[in-house]
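Peer 1: Predicted model follows, preceded by the sequence.
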Amino acid sequence: MIKREKVIESYFQSWINKNDQILKKTFNQNTIYSECYGPEYHGLEIIERWFADWNERGTVLIWDIKQFIHQGNLSVVEWYFKCEYDGVVGEFDGVSLVEFNNDNYIVNLKEFQSKIPHYSPYN
């Protein structure tokens, strides 16, 4: 489990550092990656292209991990994300469902978003 946590932590940090070298150490060649707002990337080559394109227009400011949950080859990561993209700062809470193969490479990753600020509609 610790190995998987390190893989995910390194991946999140790679966005902050704009370091695409970590991608080959993180993802299987045939990984499917689904972002929380709809786009889906098939294969390491496309993930690398998306990473480069996104980082030309944006900067990840914070990607903090709140907790991990592990079961079998699946890891769930709860996190907080803040970025600047095309001059606009945005932030949200999220969860990633991450499936690993037996070599601890990610083979499937699905992100889910929870908008900020959270509020009580009954107050």
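Peer 2: Structure's in. What do you need?
Peer 1: Could you list the low-pLDDT ranges of the protein?
Peer 2: By pLDDT under 70, the low-scoring segments of the chain are 1.
Peer 1: That one: helices as residue ranges?
Peer 2: Under the criterion DSSP state H, the chain contains helices at 2-17, 23-26, 44-57.
Peer 1: Could I get these in CSV, plus columns for distance to Phe92 and mean neighbour count?
Peer 2: C-betas here are computed from N, CA, C, even on glycine. Converted to CSV, those look like this (distance: least, Cβ to Cβ, whole Å; neighbours: other Cβ atoms under 10 Å):
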stretch, distance to Phe92, mean neighbour count
helix 2-17, 14, 15
helix 23-26, 22, 15
helix 44-57, 16, 14
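Peer 1: Would you mind saying which of these lies nearest Val98?
Peer 2: helix 2-17 (6.4 Å; Cβ to Cβ).
Peer 1: what about the closest one, distance to the chain center?
Peer 2: Here helix 2-17 shows a centroid-to-chain-centroid distance of 9 Å under the convention Cα atoms, centre = their mean, to the nearest Å.
Peer 1: Likewise for stretch 100-110?
Peer 2: 13 Å.
Peer 1: got it, and stretch 81-96?
Peer 2: With Cα atoms, centre = their mean, you get 12 Å for stretch 81-96.
Peer 1: what does stretch 72-89 give?
Peer 2: Worked out by Cα atoms, centre = their mean, stretch 72-89 lies 5 Å from the chain centre.
Peer 1: Just the residues contacting it, thanks.
Peer 2: Stretch 72-89 is contacted from outside by 1, 4-5, 8, 12, 54, 57-70, 90-102, using Cβ atoms under 8 Å, 6 or more residues apart in numbering.
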